[in-house]
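Participant: for reference, the sequence and a predicted model appear below.
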Amino acid sequence: MSDFSCIFAVSKLITIAMITTTILRVEYTDGWGIFRSQAWRQLSNSEDFINRHKEFPTPQYDAYIDREPDTDEFCAFKSIEQFQQWVTPTEIKELIKEGCKVLLLDVSAWVTGEFQMLYRKENIVQSKDISELFI
């Protein structure tokens with residue numbers, strides 16, 4: 001094998017790793033989340049739900065984001081555990097029944113807040129509907 005062939009063979013082995021993070025999003029059929037779509041209004045305990053979420057700051061009041069999301073940015077939970085802290089099992093079931101999906105997303109670019117994540121749909125590397133885990 002010549003030196004050129006050897007270099008070519010080695011260069012074929014190099015792969016580029018993409019750094020991603022996994023986030024959780026509840027998305028209504030219109031592509032919006034549970035707040036912008038107003039899906040939360042369909043909950044049997046909608047008043048309790050929205051009062052509880054007043055403790056969960058919007059991005060402009062999240063100390064690590066401190067701004068309104070851009071028009072092409074969307075909010076997501078940081079983990080399944082965080083999602084389950086803020087949305088009860090009954091609420092999850094009702095949201096799914098109303099047409100929401102619980103999505104596990106791998107994204108290649110994101111903004112990490114203290115209470116939430118922001119991402120753009122163009123940065124979704126992989127999406128998995130995990131709604132059935134909560135039914």
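Facilitator: Alright, I've got the coordinates.

Participant: where does the prediction get shaky in this structure?
Facilitator: Per-residue confidence of the chain (counting by pLDDT under 70) places the weak regions at 1-16.

Participant: now the helices: where do they sit in it?
Facilitator: Assigned by DSSP state H, the helices in the chain fall at 3-13, 46-53, 80-86, 89-97.

Participant: what does the last one rub up against?
Facilitator: Translated: helix 89-97. With CB atoms under 8 Å, 6 or more residues apart in numbering as the test, helix 89-97 has contacts from 26, 34, 39-40, 42-45, 49, 87, 102, 131, 134-135. (Glycine included, C-beta is placed from N, CA and C.)

Participant: identify the farthest-apart pair in these.
Facilitator: Greatest spacing in these, by CB to CB: N45 and S131 (19.8 Å).

Participant: ok, back up a step: among the contacts of helix 89-97, who's most crowded?
Facilitator: In terms of neighbours by other CB atoms under 10 Å, these top out with V26 at 25 neighbours.

Participant: was I right to think it contacts V87?
Facilitator: Yes. Assessed by CB atoms under 8 Å, V26 is found in contact with V87 at 7.3 Å.

Participant: now do F115 against A17, distance only.
Facilitator: F115 sits 29 Å away from A17, going by CB to CB, to the nearest Å.

Participant: likewise for R52?
Facilitator: Distance from R52 to A17, counting by CB to CB: 39 Å.

Participant: who's more crowded, those two?
Facilitator: Per other CB under 10 Å, whichever of R52 and A17 has more neighbours is R52, with 14 against 5.

Participant: what number of residues lie near the nearest residue to that one once chain neighbours are set aside?
Facilitator: In this structure, R52 finds its nearest non-sequential neighbour in W86, 7.3 Å apart by CB to CB, 6 or more residues apart in numbering. Using other CB under 10 Å, W86 has 15 neighbouring residues.
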